[in-house]
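Participant: I'll drop the sequence and a predicted model, then ask my questions.
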Amino acid sequence: MPPPMIPPSNNDPVRQCNDPNPAVAVKSCTILIDARGSTPATRSRALANRGVAYLKTGQPDRAIADLDRAIMMDDKNSSALAARGSYYQALGDGARALQDYDQAVSANPKDPLTLIQRGNFFLLSGEPQKAIPDYDHAIALDPKNVVAYANRGEAYRVQSDDDRAIENFNEAIKLDPRFAAAYDDRGLALKDKGDFEHAIQDFDQALKLDAKGTAVYAHRASAYQAAGAYDLALGDLLQATKVDPGNPAIYTARGNIHLNRSDLDEAIEDYSHAIMINAAYADAYNNRGTAYARKGNYDRAIADYDQAIKLDPRSASAFSNRGLALLKTGETVRAIADFDKALAANPKDALSLYNRGVAKQRMGNSLAGEFDISNARLIDPAVGK
């Protein structure tokens with residue numbers, strides 16, 4: 001029996017090949033792919049859609065096979081290229097992901113979705129300054145694209161340009177007043193500016209729109225914490241653990257509140273729970289180390305800092321914290337080496353600079369020590385007081 005002829009464009013298989021339900025999409029796209037009269041362009045689009053559907057259902061091998069075939073049939077198929085780029089991005093293969101995103105944009109430079117996807121790649125890769133031009137271009141092509149405004153706002157926010165971030169979040173909310181993520185992100189920008197009252201109002205609205213927003217509970221908790229409302233912060237984090245009990249970041253955030261309140265045993269319990277959930281969670285080791293250090297247990301503190309650095313060798317905080325613990329135990333030379341590494345990662349780290357000065361003075365190098373301490377107080381006049 002020969003494969004079926006391609007149905008007219010207004011029939012179900014064409015429409016349903018784009019269906020958000022992956023099972024419907026796979027079935028309908030397969031009809032188009034197998035249809036005897038399908039053109040290469042039609043097959044390429046159907047393969048791309050089926051590949052995306054396979055990704056949604058956790059079948060990466062089938063997905064990449066379809067996406068490769070789609071691109072082989074039509075190397076200008078921007079949706080297939082972008083989808084394959086997202087596949088490689090999820091695998092951590094940034095080079096191949098960016099190659100596909102670049103090719104997708106080149107194939108269809110007037111597709112705002114492809115520009116947004118490449119912008120997201122840059123944003124998630126820690127290069128927000130490269131993401132912004134892609135969001136700019138997407139907005140120029142589609143001035144009512146809510147996601148482009150929201151993501152551009154986030155790119156500005158992570159660069160501490162909170163005013164421009166808020167402008168973009170405002171526009172996203174104006175276009176879609178029910179876009180919970182935009183309220184959440186604007187709340188973060190307001191919190192960063194120290195406007196805790198309005199930040200909390202935005203987090204409230206985000207939760208009204210999406211009561212299961214685990215991250216929003218944690219974000220509102222951080223605003224409560226910054227405002228000194230520790231009990232309210234703990235309440236939010238308790239709710240977050242109910243919504244998402246397997247998230248180590250929530251227990252780490254709750255541990256941080258206990259740490260700030262000097263409830264050290266409770267802090268250690270929360271950090272340990274976070275580590276039990278994810279043994280590779282560097283922040284939990286780093287912060288548990290600080291709790292142990294405050295209890296005077298420097299050996300356990302240093303062991304936790306060692307693990308945090310092993311997991312995240314670029315953590316200025318972990319080097320700084322280990323340096324201080326080593327300084328407390330009299331290992332001055334090692335302490336200075338750690339402060340050097342912390343300052344290499346963050347030259348404006350006043351505390352590391354101050355502590356290095358103290359360490360140098362203990363080594364008998366009074367002039368160099370005073371130089372570090374003076375420079376630290378130029379950055380933060382309150383450091384060491």
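Facilitator: Perfect, thanks for sending it. Numbering: from 1, shown residues only.

Participant: For residue 105, see how far away the most centrally placed residue in the chain is.
Facilitator: Taking CA atoms, centre = their mean, the centroid of the chain lies closest to residue 124, which sits 6.1 Å from it. Plainly put, residue 124 is 17 Å away from residue 105 if you go by CB to CB, to the nearest Å. For every residue, glycine as well, the C-beta is placed using N, CA and C.

Participant: okay, now the domains of this protein?
Facilitator: 1-107, 314-385 (automatic domain parsing).

Participant: Residue 161 is nearest to which of these?
Facilitator: With CB to CB, the closest approach to residue 161 among those belongs to domain 314-385: 17.5 Å.

Participant: Contact partners for the closest residue to the residue nearest to the centre of the chain other than its chain neighbours?
Facilitator: Once flanking residues are discounted, residue 124 sits nearest to residue 89: 7.6 Å by CB to CB, 6 or more residues apart in numbering. By CB atoms under 8 Å, 6 or more residues apart in numbering, the contact set of residue 89 is 97, 121, 124.

Participant: In which helix or strand does the second one reside?
Facilitator: It refers to residue 121. Per DSSP states H and E, residue 121 falls inside helix 112-124.

Participant: ok, which stretches of the stretch 251-385 of the chain are helices?
Facilitator: Along the stretch 251-385 of the chain, the stretches classed as helices by DSSP state H, counting those that start in this stretch are 264-277, 282-294, 298-311, 316-328, 332-345, 350-362, 366-379.

Participant: how about the helices in the stretch 101-250 of the chain?
Facilitator: Going by DSSP H, counting those that start in this stretch, the stretch 101-250 of the chain shows helices at 112-124, 128-141, 146-157, 162-175, 180-192, 196-209, 214-226, 230-243, 248-260.

Participant: helices or strands up against the fourth one?
Facilitator: This means helix 162-175. helix 146-157, helix 180-192 (3 or more CB pairs under 8 Å, 6 or more residues apart in numbering; DSSP states H and E).

Participant: Could you tell me the end-to-end distance of stretch 217-234?
Facilitator: 10 Å (CA to CA, to the nearest Å).

Participant: next one: stretch 207-223
Facilitator: With CA to CA, one end of stretch 207-223 sits 14 Å from the other.

Participant: ok, and what's touching that stretch?
Facilitator: By CB under 8 Å, 6+ apart, stretch 207-223 touches 178-180, 183-184, 187-188, 191, 196, 199-200, 203-204, 206, 232-234, 236-237, 239-240, 243-244, 247, 249-250, 253-254, 257.

Participant: Kindly report the same for stretch 324-336.
Facilitator: Stretch 324-336 is touched from outside by 289, 293, 298, 301-302, 305, 323, 338, 355-356, 358-360, 362-363, with contacts defined as CB under 8 Å, 6+ apart.

Participant: In CSV, list the C-alpha atoms belonging to that stretch.
Facilitator: The C-alpha trace of stretch 324-336 is given here as CSV (Å, rounded to 0.1, in the frame of the first residue of the first chain):
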residue,chain,number,x,y,z
LEU,A,324,39.6,33.7,56.8
ALA,A,325,39.3,30.2,58.4
LEU,A,326,43.0,29.5,57.6
LEU,A,327,43.9,32.9,59.1
LYS,A,328,42.0,32.0,62.3
THR,A,329,44.0,28.7,62.6
GLY,A,330,47.3,30.4,62.0
GLU,A,331,48.0,29.2,58.5
THR,A,332,48.8,32.7,57.3
VAL,A,333,50.7,31.8,54.1
ARG,A,334,47.8,29.7,52.8
ALA,A,335,45.3,32.3,53.9
ILE,A,336,47.1,35.0,51.8
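
Participant: pLDDT weak spots in the chain?
Facilitator: Counting by pLDDT under 70, the chain contains low-confidence residues at 1-12.

Participant: Who are the packing partners of the longest helix anywhere in it?
Facilitator: In the chain, taking DSSP state H as the definition, the longest helix is helix 40-56. Judged by 3+ CB pairs under 8 Å, 6+ apart, helix 40-56 is in contact with helix 22-34, helix 60-73, helix 78-91.

Participant: closest to residue 277 out of those?
Facilitator: Taking these one by one with CB to CB, helix 78-91 is closest: 21.2 Å.

Participant: what angle sits between that closest one and helix 112-124?
Facilitator: If you take axes from the mean of the first three to the mean of the last three CA atoms, to 10 degrees, helix 78-91 sits at 20 degrees to helix 112-124.

Participant: Extract the C-alpha trace of helix 78-91 and format it as CSV.
Facilitator: C-alpha atoms of helix 78-91 as CSV (Å, rounded to 0.1, in the frame of the first residue of the first chain):
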residue,chain,number,x,y,z
SER,A,78,15.5,28.3,10.9
SER,A,79,13.1,26.5,13.3
ALA,A,80,15.0,23.2,12.9
LEU,A,81,18.3,24.9,13.4
ALA,A,82,17.1,26.8,16.5
ALA,A,83,15.6,23.6,17.9
ARG,A,84,18.8,21.7,17.4
GLY,A,85,20.7,24.6,19.0
SER,A,86,18.5,24.3,22.1
TYR,A,87,19.2,20.5,22.1
TYR,A,88,23.0,21.1,22.1
GLN,A,89,22.6,23.9,24.6
ALA,A,90,20.8,21.5,27.0
LEU,A,91,23.7,19.0,26.5
